[in-house]
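> return atomic coordinates for the entry below.
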Amino acid sequence: MAILKHDHTLVPNAALSPVKEINVDEEKTFADYMTMIMKRKEIILTCILVLTVLSAVYFYRQPNVYEATVQILVGKESNIITSPEVSAAAVELEDSSRYADYIETQFFIIKSRPLIEELIKQLDITKKYDYFAKEDAVSGDAITKVQDIIELKRVPKTQVVNLSAKFTDPKLCTQIANSLTDIYIKQSVTSKLYFSKEILKWLPQESEKIQMHTVYGQLQELSKKDVIESLPSVSNDPIIRQLKARKSSIEAEIKSLSAKYKEMHPVILKLKEDLRYVDDKIGIETQKIVDNLRAELAGKLQFSNIRVLQYAEIPTKPIGPKRLLGILGGAALGAVIGFSLVYILDYLDNTIRSQEDVEKYIKLPYLGHIPVITDKSKDDYEKRIIVQSDPDSLVAEAFKNIRTGIVFSAPPETLKAILVTSTIPSEGKSFTSTNLAVTLAMDGNKVLLVDSDMRRPTIHHSFKIENSTGLSNYLTTGNIPLDSVIQKTFVDNLSFVNAGPTPPNPSGLLGSARMEEFIKEAKGKFDRIVVDGPPLIGISDSIILSKIVDGVLLVIRFGTASRDVVARARQCLQEVGVNVLGVVLNDIDIQKVSHYSKYYHYYSRYYDKYGEKPSGDKAPAETA
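Take a look at the predicted model:
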């Protein structure tokens, strides 16, 4: 593309200084994020709704889960060794261990395979429940599945452990919790019964010594007669002592009388009968003492540091699944996904979509926005000049606001000729220039609308005029007067100059002295001149025209042109020192674009108040 110097010669685009690349990665403010969210709030709401519905369906299809809990008191393990030497070693071992480690060990034992196997066998789980009978890659075998439903927790700062079973069948989870507790306690007691024998295996050289100082060993010793008779509790018993004294007296008497009488003498037989009676009495009393000792020692041997505080009862209320929490989690996940998508889309989308984008990235004044035409009842010609066919519509009001911005931007005598252009084709510049000219004419100004897009003229269709003669004829023929190419329109105060037949070199004609004469003469005849120019990117026509008009209006279609392209177009204009009036953002569906919908709301409320209604359904604005 080439541009026009002050002496009307064209210079290549390479002569321009490099376009400064827009920094889209600059730090965003809170307002930027809110704008970003509001622009695409439908995406966020959709993600939240979809994830919420999916979560609700999933959690309400899950069966209820019940929990049965047994409370067990697990005290520190008592020492059954009474030997001072071994007791000291046990105390030292206990002092070096932590109770928390002991509890963790008990947790491991409770969920160990031998105990779970015994539980499954006892309750016959695999035959009664298909879930445990089927082995799969995810849940594993029956033992693994039972281990998964068992949970062990220590009550903080206590020796109480909660053994819980969670399952969909409340009766089974209760049975599992209670039965596993009983199996665990039985296993613990059984282990203690053989504890002394295990010590003797570890220390065979000291076995006899330790045997005498263990409860198990003492129980064995009580079966030996000489040990029984030497027990202090037996030898010091007063009844036994009296019986033994009586026995000694009888034995002495038998010995003294044996010299006088024969063995079968009645006196000797009577004394022997008394001796047998005393022996039996001594045996009975001794056995009582031994039995008491055995009971005491057996009690010590079978003592367990584990006992049940409360068995589990069949639960009546499920503990899960936490459906409400799950649904809220799904909604939160949907919000996160929605925000992420919005952020990614905003990062990837570098088109112009709002006034903030224009002011932040393009750094040009924002003159207003043009909504999408929303009245399907109007034909194509009525839509092309919407400000006349529907003067109370949102689109007409938008053009009035743009007109006001232009009128107050400079005194009328310094801003007569206005070039309306765009960055790329199909952004609505011809639609904008036509309706802007009609709006100015409806305001009482004498307006001339010029179609200078000789490569792709379209405005003549809006006024149902043949494009047989026009600007190209005026510029190529030096003796044609201006009035010969000016045509009246059906709009009061509005005249129109066609583009005319397409010439071989439009840029040369637009940059000629004849074109300057055209603008100069038109200023003398009209209050306002609106020139519809070609797009800026790709051809130099509008750059050339911008030098001979008083101001340039840049039209950008919503969500079409990228920021870099618009910035390049802006720099092309600024390089030649033209007056850029500002930017008009075209083709916005304000009912869908959230940060513009408030305008529609206020406008509708205003017309409702006065008994009128703005126009209805969506139709595209214009493509030129």
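
> could you list the low-pLDDT ranges of this structure?
Counting by pLDDT under 70, the chain contains low-confidence ranges at 1-27, 77-97, 136-140, 192-231, 294-304, 592-624.

> now do the buried residues in the lengthiest helix in the chain.
As assigned by DSSP state H, the longest helix anywhere in the chain is helix 266-302. Under the neighbour-count criterion of 16 or more other Cβ atoms under 10 Å, helix 266-302 has 268, 271, 274-275, 278, 281-282, 285-286, 289-290, 293, 297, 301 buried. Quick note: C-beta positions are derived from backbone N, CA and C, even for glycine.

> and for stretch 375-390?
Under the neighbour-count rule (16+ other Cβ under 10 Å), stretch 375-390 has 375, 378, 383, 384, 385, 386, 387, 388, 389, 390 buried.

> residues contacting residue 485?
Applying Cβ atoms under 8 Å, 6 or more residues apart in numbering to residue 485 gives the contacts 469, 470, 471, 473, 474, 497, 498, 500.

> of the residues you listed, which is the nearest to residue 448?
When the contacts of residue 485 are ranked by distance to residue 448 (Cβ to Cβ), residue 497 comes first, at 6.6 Å.

> which residues does the closest one bridge with?
When bridges are assigned using DSSP bridges, the partners listed for residue 497 are residue 450, residue 486.

> that one contacts residue 450, correct?
Yes - counting by Cβ atoms under 8 Å, residue 497 touches residue 450, with 4.6 Å between them.

> okay, those two: which has more neighbours?
residue 450 (30 against 25; other Cβ atoms under 10 Å).

> which residues does that one contact?
When contacts are counted by Cβ under 8 Å, 6+ apart, residue 450 is found next to 471, 496, 497, 522, 529, 530, 531, 532.

> from what I see, the first one and residue 459 are in contact.
Just to be clear, that refers to residue 471. No - using Cβ under 8 Å, residue 471 is not in contact with residue 459; the gap is 11.2 Å.

> quick one: common contacting residues for the two?
Taking Cβ under 8 Å, 6+ apart as the contact rule, residue 471 and residue 459 both touch 451, 498, 499.

> name the nearest residue to the second one, ignoring sequence neighbours.
Read it as residue 498. The spatial neighbour of residue 498 that comes closest, neighbours along the chain excluded (Cβ to Cβ, 6 or more residues apart in numbering), is residue 470 at 2.9 Å.

> residues contacting the one you found?
451, 457, 485, 497, 498, 499, 500, 501.

> swap the cut-off to 7 Å and go again
Counting by Cβ atoms under 7 Å, 6 or more residues apart in numbering, residue 470 makes contact with 485, 497, 498, 499, 500.

> quickly list what's touching both of residue 497 and residue 450.
Overlap between the contact sets of residue 497 and residue 450, as judged by Cβ under 7 Å, 6+ apart, is given by residue 471.

> need the phi and psi values for the residue of the chain most remote from its centre.
For the chain, the residue at maximal distance from the C-alpha centroid (Cα atoms, centre = their mean) is residue 260, at 114.1 Å. Torsion angles at residue 260 (phi, psi; degrees, to the nearest 10) stand at phi -90, psi -40.

> so how far is residue 254 from it?
Residue 260 sits 11 Å away from residue 254 when distances are taken as Cβ to Cβ, to the nearest Å.

> ok, now residue 152?
Here the criterion is Cβ to Cβ. By it, residue 152 lies 71 Å from residue 254.

> also residue 348?
Spatial separation of residue 348 from residue 254 under the definition Cβ to Cβ is 122 Å.

> show me which of those two is the more surrounded one.
Neighbours were counted for residue 348 and for residue 254 using other Cβ under 10 Å; residue 254 has more, 18 against 7.

> okay, and that one sits in which element?
Assigned by DSSP states H and E, residue 254 falls within helix 238-257.

> next, the angle helix 266-302 makes with that helix.
Angle of helix 238-257 versus helix 266-302, following axes from the mean of the first three to the mean of the last three Cα atoms, to 10 degrees, is 150 degrees.

> got a list of contacts for helix 238-257?
Taking Cβ under 7 Å, 6+ apart as the criterion, the residues outside helix 238-257 that touch it are 234, 267-268, 271-272, 274-275, 278-279, 281-282, 285-286.

> I'd like those residues as a markdown table, with distance to residue 119 appended.
Formatted as a markdown table, those follow (distance: Cβ to Cβ, whole Å):
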| residue | distance to residue 119 |
| --- | --- |
| 234 | 46 |
| 267 | 73 |
| 268 | 70 |
| 271 | 67 |
| 272 | 63 |
| 274 | 63 |
| 275 | 61 |
| 278 | 57 |
| 279 | 54 |
| 281 | 53 |
| 282 | 52 |
| 285 | 48 |
| 286 | 46 |
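
> farthest-apart pair in the residues you listed, please.
Using Cβ to Cβ, the two most remote members of the contacts of helix 238-257 are 234 and 267, lying 31.9 Å apart.

> what sits closest to residue 488 if chain neighbours are left out?
Distance criterion Cβ to Cβ, 6+ apart; nearest residue to residue 488, sequence neighbours excluded, is residue 495 at 6.0 Å.

> my guess is that neighbour meets residue 465, correct?
No - taking contacts as Cβ atoms under 7 Å, residue 495 lies outside contact range of residue 465: 11.2 Å.

> neighbour count: these two, which is higher?
A count of neighbours by other Cβ under 10 Å puts residue 495 above the other of residue 495 and residue 465, at 21 against 16.

> ok, residue 382 touching residue 389?
Yes - counting by Cβ under 7 Å, residue 382 touches residue 389, with 3.8 Å between them.

> all strands of the stretch 51-200 of the chain, in order?
66-74, 150-154, 160-167 (DSSP state E, counting those that start in this stretch).

> again, but for the stretch 501-624 of the chain
Ranges of strands within the stretch 501-624 of the chain are 528-532, 551-557, 580-588, based on DSSP E, counting those that start in this stretch.

> got a list of contacts for the first one?
Defining contact as Cβ under 7 Å, 6+ apart, one finds that strand 528-532 is touched by 416-420, 429-430, 433, 436-437, 440, 445, 447-453, 459, 519, 522-523, 545, 549.

> please apply the same query to stretch 38-53.
When contacts are defined by Cβ under 7 Å, 6+ apart, stretch 38-53 is touched by residues 37, 327, 330-331, 333-335, 337-339, 341-342, 345, 353-354, 593-595.

> again, 8 Å this time
Surrounding stretch 38-53, the residues in contact under the criterion Cβ under 8 Å, 6+ apart are 37, 327, 330-331, 333-335, 337-339, 341-342, 345-346, 353-354, 592-595.

> what subset of the residues you listed is buried?
37, 327, 330-331, 333-335, 337-339, 342, 346, 353-354, 593, 595.

> could you dump the contacts of residue 450 to TSV with distance to residue 44?
Listed next are those as TSV, based on distance: Cβ to Cβ, whole Å:
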residue	distance to residue 44
471	50
496	47
497	50
522	52
529	47
530	42
531	43
532	40
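
> of the residues you listed, closest to residue 142?
Within the contacts of residue 450, proximity to residue 142 (Cβ to Cβ) peaks at residue 532, which comes in at 82.4 Å.

> next, count neighbours for that closest one.
Neighbouring residues of residue 532 were enumerated by other Cβ under 10 Å; the total is 29.

> how about the one 10 residues further on?
The tally of other residues near residue 542 (other Cβ under 10 Å) stands at 31.

> now it: how far from residue 433?
12 Å.

> for residue 73, which of the strands of the stretch 501-624 of the chain is the nearest?
With Cβ to Cβ as the criterion, residue 73 lies closest to strand 580-588 of these, at 73.2 Å.

> mind giving me the packing neighbours of that closest one?
The elements that strand 580-588 packs onto, with contact taken as 3 or more Cβ pairs under 8 Å, 6 or more residues apart in numbering; DSSP states H and E, are strand 366-371, helix 394-407, helix 429-442, strand 551-557, helix 563-575.

> just checking, next helix/strand downstream of the second one?
Just to be clear, that refers to helix 394-407. Heading C-terminal from helix 394-407 (DSSP H and E), you reach strand 417-422.

> need the contact list for residue 187.
Each residue near residue 187 by Cβ under 8 Å, 6+ apart is listed here: 109, 114, 115.

> switch the cut-off to 6 Å
Neighbouring residues of residue 187 by Cβ atoms under 6 Å, 6 or more residues apart in numbering: there are none.
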